[in-house]
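Undergrad: generate a structure from the sequence data that follows.
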Amino acid sequence: MYQPQVSEKINNFKSEGAKRVEFFKKEISQIKAGRANPNILNKITVDYYGNPSALNQVANISVPEARQIVIAPWDATLVKEIVKAILASDLGITPNDDGKVIRLNFPALTEEKRREIVKELKRDAEEAKVAVRGERRDALNAIKAMEKDKLVTEDELKRIDTDVQRITDGFIADIDNLTADKEKEIMTV
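TA: Now for the predicted structure:
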């Protein structure tokens, strides 16, 4: 067991590392993989009686087919606003509406496009790993400062370094697993 100050630094590192992994998980959930994924609509807001509202707060979003999302607004007057918001977003999909519901049809991805998406995914994964390693560096620097102040011995510092590296390796493995699962999903035709 470590001193309270050291334990606090390690716990902060664990918390920040977990946040980095969770952020990466949310980011990759929004990647289009040739299949309809309602998470890609999470960033879209609609003007609802003068208030910007999340799309899922003003409409029912469903996935009736593998390559289609259906958006059914609770207020039919919102159809035009939702279409406008989708067109203004960077989704790259043209919505089709019949006055009551909006359909988003996703075209099948080409092999080349899939490989491009996987390349972006791997770049994002590397950025997430770098962020985790940055958190590790910050934690270890703070603990090394404690050694200079004679709050931590050199032997304790080596043991702490090993423990922090083990925790880091766990976060990196989580990122690698999420990346592998997403890559498999993207490359599946």
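
Undergrad: show me the helices in the protein, by range?
TA: For the chain, the helices defined by DSSP state H occupy 4-29, 55-58, 79-88, 111-148, 154-187.

Undergrad: mind checking these for the one nearest to residue 66?
TA: With Cβ to Cβ as the criterion, residue 66 lies closest to helix 154-187 of the helices of the chain, at 11.9 Å. All C-beta atoms are positioned from the backbone trio N, CA, C, and that covers glycine.

Undergrad: before we move on, the earlier item: will you turn the helices of the chain into TSV that also has mean pLDDT?
TA: Listed next are the helices of the chain as TSV, based on pLDDT from 0 to 100:
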stretch	mean pLDDT
helix 4-29	91
helix 55-58	86
helix 79-88	88
helix 111-148	91
helix 154-187	92
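
Undergrad: including distance to residue 105, could the ones you listed go into TSV?
TA: TSV is the format used below for the helices of the chain (distance: least, Cβ to Cβ, whole Å):
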stretch	distance to residue 105
helix 4-29	20
helix 55-58	17
helix 79-88	12
helix 111-148	16
helix 154-187	19
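
Undergrad: of the ones you listed, which approaches residue 41 most closely?
TA: Of the helices of the chain, nearest to residue 41 by Cβ to Cβ is helix 55-58, at 5.1 Å.

Undergrad: name the helices or strands packed onto the closest one?
TA: On a contact count with 3 or more Cβ pairs under 8 Å, 6 or more residues apart in numbering; DSSP states H and E, helix 55-58 meets strand 45-48, helix 79-88.

Undergrad: how about a cut-off of 6 Å?
TA: Contacts defined by 3 or more Cβ pairs under 6 Å, 6 or more residues apart in numbering; DSSP states H and E place helix 55-58 against strand 45-48.

Undergrad: for the strand it packs on, buried residues please.
TA: 46, 48 (16 or more other Cβ atoms under 10 Å).

Undergrad: tabulate the CA atom coordinates of that strand in PDB.
TA: Extracted as PDB, the C-alpha positions of strand 45-48 are listed here (Å, rounded to 0.1, in the frame of the first residue of the first chain):
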ATOM      1  CA  THR A  45     -29.300  19.600 -32.900                       C
ATOM      2  CA  VAL A  46     -32.600  21.000 -34.100                       C
ATOM      3  CA  ASP A  47     -34.200  24.400 -33.400                       C
ATOM      4  CA  TYR A  48     -37.300  23.400 -31.400                       C
END
